[in-house]
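S.K.: Provided below are the primary sequence and the corresponding predicted coordinates.
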Amino acid sequence: MNNLNQLGWLKYAVTHISDGFEDMRYRKSGSLKIAWTIIFLLFFSRIVQERLYGFQFRSSYDKTFSIIPYIASSFVIFFAWVIGNNAVSTFLDGEGSFKNIFIYSSYALVPYIAQSLINTLLSHFLIKDELVFMQALRITGIIWSAVLLFSAIKAVHRYTFMRTVASILLTIMAMFIMLFLLILFMALIQQMYLFISSLYTEISYRVRS
């Protein structure tokens, strides 16, 4: 392990569920550059899965394309997780920094991203009767990433099993609160924009008349 480069550590963490992140923490390993690459791949995989899936497995697509839902389902949710977990860790005496939470959590997403891209490719070659193989791959990727994420949070904060469970549950609650406040804020901004726009239109009409 001493001779592993950063990509080697990524492979090691993903394939050694029980002790991969523990060894990463002990060796002070992990790359922000790789972590950012993984998050951009998550964003890319969301677009690919929604727009390029085989037609035999998806009957129709939205004709209009908006990048906002893909940003929300990748960057926004991921950063809500990282910020939420970092906030929760202050109450549960976690040892992980924001940087390490970001790196470890992103590494844990690799199986999920991989199954998404592989399934999109398979959807152009398999038939509907073989959907069970794609579903099995999807479930495996999701469970694998979920277990890795649990191991990552446990390692980065040096938590016990039960404290890790509590940390994840509280982080999910914090995410819901942050996303609710974000939606509320965006709705408020929209209302302000509509008010200013209507006020400008009214003033312009009166000036012209």
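M.R.: Great, that's in hand. Numbering: from 1, shown residues only.

S.K.: just the helices in the chain please.
M.R.: Under the criterion DSSP state H, the chain contains helices at 6-15, 20-27, 32-51, 68-71, 77-91, 98-108, 110-122, 131-157, 161-208.

S.K.: Give me the packing partners of the shortest one, helices and strands only.
M.R.: Same thing as helix 68-71. Helix 68-71 sits against helix 32-51, with contacts defined as 3 or more Cβ pairs under 8 Å, 6 or more residues apart in numbering; DSSP states H and E. Heads up, the C-betas are built off the backbone N, CA and C, glycines and all.

S.K.: Same question for the helix it packs on: list its buried residues.
M.R.: 34-35, 38-39, 41-43, 45-50 (16 or more other Cβ atoms under 10 Å).

S.K.: that older thread, which one of the helices of the chain lies nearest to residue 58?
M.R.: Set against residue 58 and scored by Cβ to Cβ, those come closest in helix 32-51, at 8.8 Å.

S.K.: now what about that closest one, what contacts it?
M.R.: Residues outside helix 32-51 that contact it (Cβ atoms under 8 Å, 6 or more residues apart in numbering): 6-7, 10, 61, 65, 70-71, 73-75, 78, 99, 102-103, 106-107, 109-110, 112-113, 116-117, 119-120.

S.K.: State the pLDDT value of the spatially most central residue of the chain.
M.R.: Centroid-nearest residue in the chain: residue 78, 3.7 Å away (criterion: Cα atoms, centre = their mean). With respect to pLDDT, residue 78 has a value of 95.

S.K.: same question, the one 10 residues further on
M.R.: The predicted local distance difference test score for residue 88 is 94.

S.K.: List the residues that contact it.
M.R.: 94, 167, 170, 171, 174.

S.K.: ok, 10 Å please
M.R.: Taking Cβ atoms under 10 Å, 6 or more residues apart in numbering, we find residue 88 in contact with 94, 153, 157, 166, 167, 168, 169, 170, 171, 172, 173, 174.

S.K.: And the third one, how far from residue 15?
M.R.: In this case it means residue 157. Distance of residue 157 to residue 15, computed by Cβ to Cβ, to the nearest Å: 22 Å.

S.K.: Neighbour count for the two, which is higher?
M.R.: More crowded of residue 157 and residue 15, by other Cβ atoms under 10 Å: residue 157, with 23 against 12.

S.K.: what's the nearest residue to that one if we skip its chain neighbours?
M.R.: Leaving out its chain neighbours, the residue that sits closest to residue 157 by Cβ to Cβ, 6 or more residues apart in numbering is residue 94, at 3.4 Å.

S.K.: thought that neighbour was touching residue 159?
M.R.: Yes: using Cβ atoms under 10 Å, residue 94 makes contact with residue 159 at a distance of 6.8 Å.

S.K.: Overlap in contacts, these two.
M.R.: Counting by Cβ under 10 Å, 6+ apart, the residues touching both residue 94 and residue 159 are 153, 167.

S.K.: Where does pLDDT dip in this structure?
M.R.: Low-confidence segments of the chain (pLDDT under 70): 1-4, 59-63, 209.

S.K.: one more time with 80, if that's ok
M.R.: 1-4, 54-65, 127-129, 200, 202, 204-209 (pLDDT under 80).
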